[in-house]
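**Q** output the structure for:
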Amino acid sequence: MLKRMPASPKRTNDPERTKRDIVAVATEEFASQGYSGARVDAIAARTRTSKRMIYYYFGGKEQLYLAVLAEAYRSIRTLESQLDIDSCDAREALRRLIEATFDHDEQNPSFIRLVSIENIHHGKHLKQHPELRRLNASVIATLEKILQRGRAERVFRTDVDPVDLHLAISSYCFFRVANRHSFGALFDRDLSEPKVRARSRQQIVDMILAWLSAAKT
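**A** This is a model prediction of the structure:
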């Protein structure tokens, strides 16, 4: 009597997981090689898919790059939305947001490189993606809410614009990662060293809160 062979496991078709895998690998490729240097063939090889499949899901290299940018920004905006800033006063709420931004940038150098690459291209890809403007509007709304609460609590000055506040926070956090190597070479300061990193994290909180607390002149 012939033995029946066990049935082969069925292959599952999970397009969403495939797309997530492609975006994850594409993030590394674009961050390390830049937009011009990145190769869809290399992404396909690392994801065990095909160039044709990537084009089927995303439409082309530029659309894949836009998907990578969208996911990069969505990650930090999602992080911000999960912060518990409604149960505390304005100063504590802003501290939590600053620290979350600092930690995110420190832990996600690919995000910093992607934003730097897009600036090399003068933001032309972001301009083609109106969804990203809507996505990133959430951080401005959050900061405006914190500023209004701080004014009501009489702890924040009244002349600070939420976009300017976002710029100040982002500039400090972004610079430390984007310019880590050049800064270290010029001034012999390792910005990734734990004690330096902890001091910088506290400094930006202190500086922003001092600015917002300063009397208007």
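**Q** contact partners of the helix or strand that residue 74 is a member of?
**A** Assigned by DSSP states H and E, residue 74 falls within helix 61-81. If you take CB atoms under 8 Å, 6 or more residues apart in numbering as the criterion, helix 61-81 is touched by 19, 22-23, 26-27, 30, 35, 38, 40, 43, 54, 58, 97, 100-101, 104, 108, 110-111, 114-115, 118, 125-126, 128-129, 131-132, 135-136, 138-139, 142. For glycine as for every other residue, the C-beta is placed from the backbone atoms N, C-alpha and C.
**Q** and the strands in this structure?
**A** According to DSSP state E, the chain carries no segments that qualify as strands.
**Q** what residue ranges in it score low on pLDDT?
**A** Judged by pLDDT under 70, the chain has its weakly predicted residues at 1-12, 216-217.
**Q** and the helices in it?
**A** Listed from the start of the chain, the chain has helices (DSSP state H) covering 15-37, 40-47, 51-58, 61-81, 90-107, 109-120, 124-127, 130-152, 162-178, 180-187, 194-213.
**Q** who are the packing partners of the second one?
**A** Helices and strands in packing contact with helix 40-47 are listed as helix 15-37, helix 51-58, helix 61-81; criterion 3 or more CB pairs under 8 Å, 6 or more residues apart in numbering; DSSP states H and E.
**Q** winner for burial among those?
**A** Among the helices and strands packed on helix 40-47, the stretch with the highest mean neighbour count (mean count of other CB atoms under 10 Å) is helix 61-81, at a mean of 18.
**Q** then it to PDB, C-alphas only?
**A** The C-alpha coordinates for helix 61-81 follow below in PDB (Å, rounded to 0.1, in the frame of the first residue of the first chain):
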ATOM      1  CA  LYS A  61      10.800  53.900  -8.400                       C
ATOM      2  CA  GLU A  62       9.600  57.400  -7.600                       C
ATOM      3  CA  GLN A  63       6.300  56.100  -6.200                       C
ATOM      4  CA  LEU A  64       8.200  53.600  -4.100                       C
ATOM      5  CA  TYR A  65      10.400  56.500  -2.800                       C
ATOM      6  CA  LEU A  66       7.200  58.500  -1.900                       C
ATOM      7  CA  ALA A  67       5.900  55.500  -0.100                       C
ATOM      8  CA  VAL A  68       9.100  55.300   1.900                       C
ATOM      9  CA  LEU A  69       8.900  59.000   2.800                       C
ATOM     10  CA  ALA A  70       5.300  58.700   3.800                       C
ATOM     11  CA  GLU A  71       6.000  55.800   6.100                       C
ATOM     12  CA  ALA A  72       9.000  57.600   7.600                       C
ATOM     13  CA  TYR A  73       6.900  60.600   8.500                       C
ATOM     14  CA  ARG A  74       3.900  58.500   9.500                       C
ATOM     15  CA  SER A  75       6.100  56.800  12.100                       C
ATOM     16  CA  ILE A  76       7.000  59.900  14.000                       C
ATOM     17  CA  ARG A  77       3.500  61.400  13.700                       C
ATOM     18  CA  THR A  78       2.100  58.200  15.100                       C
ATOM     19  CA  LEU A  79       4.500  58.300  18.000                       C
ATOM     20  CA  GLU A  80       3.400  61.800  18.800                       C
ATOM     21  CA  SER A  81      -0.200  60.800  18.800                       C
END
